[in-house]
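Asker: test case, fold it:
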Amino acid sequence: MNSENTQGYKGESLKIFEKYNCRVWGKVEITTTRGQFIGTLLPRSENDNDQHLVLKIDTGYNIGINISTITEIRELGYYKANYKIPEKKFPYSDNKPNVKLFGTGGTIASRLDYRTGAVIPAFSPGELYGAVPELADICNIETEKLFSVFSENMGPEQYVILAKAIKDEIEKGVDGIIIGHGTDTLHHTAAALTFMIQNPPIPIVLVGSQRSSDRPSSDAALNLIHAAYTAAYSDIAEVMVCMFGPTSDEYGFLHPGTRVRKMHSSYRSTFRTIGDTPLATINKDIGIKKIKTDRKVRRDDKNVTCTPVFNEKVTMVYYYPGMQGDVIDSLVECGYKGIVFVGTGLGHVNKSIYSAIERAQKKDIVMYMTLQTIWGYVNMFVYDTGRDLMKMGIVPAGNMLPETAYIKLGWALGQTNDTEKIKDIMLTPVNDEITPREPYDGYLVYQGGVSEIDDFIKNFRK
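Answerer: Reported below is the predicted structural model:
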């Protein structure tokens, strides 16, 4: 058969194509031992196995059909799909705010290449307009691709480049900035930019999507619309993360860059403000509704403080029972200058690593304590363990999230090696990474299976 008609299929699955004379992009009716399915045959990823056909059904979802269950395939029609995102000229207007969108490689306004399984982004203004035409009603958008990486490959090198690029755009007079970013490490980048770019006169909005644009349940377009509105019109001038609020598309949240965390691997509403409340909700039809009012506001000047530095010899150590001191010794031997411990309870580790911590202290390794509990404060005065660890040089980091503490320590060590100066930087809040208290509603974990939560979910469906 023509390879054009069997893209990505091989082995046993290719034999099915030959047996029933079907082809990729054909509208087919597949009869199986488990029922009948109608949809469009899609290309396979080149790295997938040869035991399944992939069908896009009318709902827009893709399903896999095991070839061993197939008894008949009948082609109903054929239409070769063109998954290239249409490009239209972006209608710029002198009356709308000017927003700069930096791309780093996330799945915002993207499509899936079914042959390779790769996500192909829409990125030029014309592609964005073709994918999300509502953007033109909000603002003028100029785009620049800084990187094209998965978010796990974002790191200190990219943070520095991104911070400098943001500074340049602020000084040019842009009205707002959007950063398209993969969701896995989006909160790390948000923290890094909060520390590197301080007192910006405009909103800086990081946005991503949990599901690519070819999926009916994609959050990409709505997140991008909300981010564009925030960048263009919000009077909150700081680094924020804009993502789904509830699991529905009712509104999005604006989260502070230092207190946000990805909390679920696949939910669209994965991002949550930890130990505090979000800054605001954003609805494309209603606008921005503030939850917190004591925020830095938009200004007319072009002034910003940019400190784009980072010492990569910083690490996080997630404590576990039975940890041995050689873990700490090996880090010191490898030249690490700072360690953020993620301890148990109020900030504890076991006694078997005490001697290694003392050796690290003698070599001027700066060490800070955060918590595995995620919510709450380090309190090392309560038990002897905490007092012993402080004597060995470990500094409690308040209610700073572990990831935020790691980012801040790398940023602090990028500026100085002086232990006291580092401590001053670490414990002086830039933007609520340490707060004097956590509000009563800053810790909410909805646990299913109990009547009051079941009633709440039934009534509000959030």
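Asker: chain neighbours aside, what residue packs nearest to residue 423?
Answerer: If the residues on either side of it in the chain are set aside, residue 423 comes closest to residue 395, at 6.1 Å by CB to CB, 6 or more residues apart in numbering. (Glycine included, C-beta is placed from N, CA and C.)
Asker: quick one: which helix or strand includes that neighbour?
Answerer: With elements delineated by DSSP states H and E, residue 395 resides in strand 394-396, which encompasses its position.
Asker: same check on residue 18?
Answerer: Residue 18 is part of helix 11-20, with elements assigned from DSSP H and E.
Asker: mind listing what the strand holding residue 395 pairs with, with the direction of each?
Answerer: strand 366-371 (parallel) (DSSP bridges).
Asker: tell me the mean pLDDT over the strand it pairs with?
Answerer: Model confidence over strand 366-371, given as mean pLDDT, is 98.
Asker: which helix or strand lies directly C-terminal to the helix or strand of the chain with the lowest mean pLDDT?
Answerer: Least confident element among the helices and strands of the chain, by mean pLDDT, DSSP states H and E: strand 118-121 (a mean of 56). Per DSSP H and E, strand 118-121 leads on to helix 125-131 as the next helix or strand towards the C-terminus.
Asker: now the helix or strand where residue 157 lies: average pLDDT?
Answerer: Here residue 157 is covered by helix 156-172, with elements defined by DSSP H and E. If you average the pLDDT over helix 156-172, you get 98.
Asker: summarise which helices and strands it is packed against.
Answerer: Other elements packing on helix 156-172 under the criterion 3 or more CB pairs under 8 Å, 6 or more residues apart in numbering; DSSP states H and E are strand 98-103, strand 176-180, helix 186-196, strand 197-198, strand 305-306.
Asker: of these, which is nearest residue 157?
Answerer: Closest to residue 157 of those, according to CB to CB: helix 186-196, at 11.1 Å.
Asker: residue contacts, the residue nearest to residue 155 when sequence neighbours are not counted?
Answerer: Here the nearest residue to residue 155 in space, its sequence neighbours aside, is residue 312; by CB to CB, 6+ apart that works out to 7.8 Å. When contacts are counted by CB atoms under 8 Å, 6 or more residues apart in numbering, residue 312 is found next to 155-156, 410.
Asker: one more: residue 173?
Answerer: 98, 302.
Asker: residue nearest the middle of this structure, spatially speaking?
Answerer: Centroid-nearest residue in the chain: residue 183, 2.1 Å away (criterion: CA atoms, centre = their mean).
Asker: per-residue pLDDT, that one?
Answerer: Looking at residue 183, its pLDDT reads 91.
Asker: same question for residue 13.
Answerer: 83.
Asker: surely it and residue 44 touch.
Answerer: Yes: with contact taken as CB atoms under 8 Å, residue 13 and residue 44 are classed as touching, separated by 7.3 Å.
Asker: higher neighbour count, those two?
Answerer: Comparing residue 13 with residue 44 by other CB atoms under 10 Å, the one with more neighbours is residue 44, at 25 against 22.
Asker: related to what we said a few turns ago, check the secondary structure at the residue nearest to residue 155 for me.
Answerer: Assigned with DSSP: H, G, I helix; E, B strand; the rest coil, residue 312 falls in the coil class.
Asker: distance of it from residue 204?
Answerer: Applying CB to CB, to the nearest Å, the value for residue 312 to residue 204 is 23 Å.
Asker: measure residue 447 to residue 454 for me?
Answerer: Counting by CB to CB, the separation of residue 447 from residue 454 is 10 Å.
Asker: which one's more surrounded, the two?
Answerer: Neighbours per residue, other CB under 10 Å: of residue 447 and residue 454, the larger number sits with residue 454, 11 against 7.
Asker: excluding chain neighbours, what is closest to that one?
Answerer: Take residue 454 and drop its neighbours on the chain: the residue closest to it by CB to CB, 6+ apart is residue 448, 7.2 Å away.
Asker: which SSE is that neighbour in?
Answerer: According to DSSP H and E, residue 448 maps onto no helix or strand at all.
Asker: can I assume it is in contact with residue 455?
Answerer: No: Residue 448 lies out of contact with residue 455 (CB under 8 Å); the separation is 11.7 Å.
Asker: contacting residues for residue 91?
Answerer: When the contact criterion is CB under 8 Å, 6+ apart, the partners of residue 91 are 129, 136.
Asker: recalculate using a threshold of 7 Å.
Answerer: residue 136 (CB atoms under 7 Å, 6 or more residues apart in numbering).
Asker: can you tell me the average pLDDT over the strand holding residue 395?
Answerer: Strand 394-396 comes out at a mean pLDDT of 98.
Asker: repeat for stretch 284-303
Answerer: When pLDDT is averaged along stretch 284-303, the result is 94.
Asker: re the thing from before, in the helix holding residue 18, which residues are buried?
Answerer: In terms of neighbour count (16 or more other CB atoms under 10 Å), helix 11-20 has its buried residues at 13-14, 16-17.
Asker: export these to CSV and tack on distance to residue 29?
Answerer: As requested, the buried residues of helix 11-20 are arranged in CSV below (distance: CB to CB, whole Å):
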residue, distance to residue 29
13, 18
14, 20
16, 14
17, 15
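Asker: so which of those residues is the closest to residue 230?
Answerer: Relative to residue 230, the closest of the buried residues of helix 11-20 is residue 13; by CB to CB it sits at 45.5 Å.
Asker: what sits against that closest one?
Answerer: 50-53, 67.
Asker: one step back: how near is the residue nearest to the centre of the chain to residue 418?
Answerer: Between residue 183 and residue 418 the distance is 36 Å, computed by CB to CB.
Asker: what do you get for residue 20?
Answerer: Look at residue 20 and residue 418: by CB to CB, they are 73 Å apart.
Asker: try residue 434
Answerer: 20 Å.
Asker: the two: which is more packed in?
Answerer: residue 434 (22 against 13).
Asker: let me know which of the helices and strands packed on helix 156-172 is the nearest to residue 372.
Answerer: Nearest to residue 372 among these is helix 186-196; the distance by CB to CB comes to 16.7 Å.
Asker: mind giving me the packing neighbours of the closest one?
Answerer: Using 3 or more CB pairs under 7 Å, 6 or more residues apart in numbering; DSSP states H and E, the elements in contact with helix 186-196 are helix 156-172, strand 204-207, strand 239-244, strand 260-262, helix 402-413.
Asker: the last one to strand 366-371, inter-axis angle?
Answerer: Interaxial angle, helix 402-413 versus strand 366-371 (axes from the mean of the first three to the mean of the last three CA atoms, to 10 degrees): 160 degrees.
Asker: pull the residues that contact helix 402-413.
Answerer: If you take CB under 7 Å, 6+ apart as the criterion, helix 402-413 is touched by 156, 187-188, 191-192, 195-196, 258, 309-312, 314, 316, 337-338, 340, 342, 366, 368, 370, 397, 422, 425-426, 433.
Asker: just the buried ones from the residues you listed?
Answerer: Restricting those to buried positions leaves 156, 187-188, 191-192, 195-196, 258, 309-311, 314, 316, 337-338, 340, 342, 366, 368, 370, 397, 422, 425-426, 433, with burial counted as 16+ other CB under 10 Å.
Asker: how about the residue nearest to the centre of the chain: what's its closest non-neighbour residue?
Answerer: Computed as CB to CB, 6+ apart, the closest residue to residue 183 that is not its neighbour in sequence is residue 208, at 4.1 Å.
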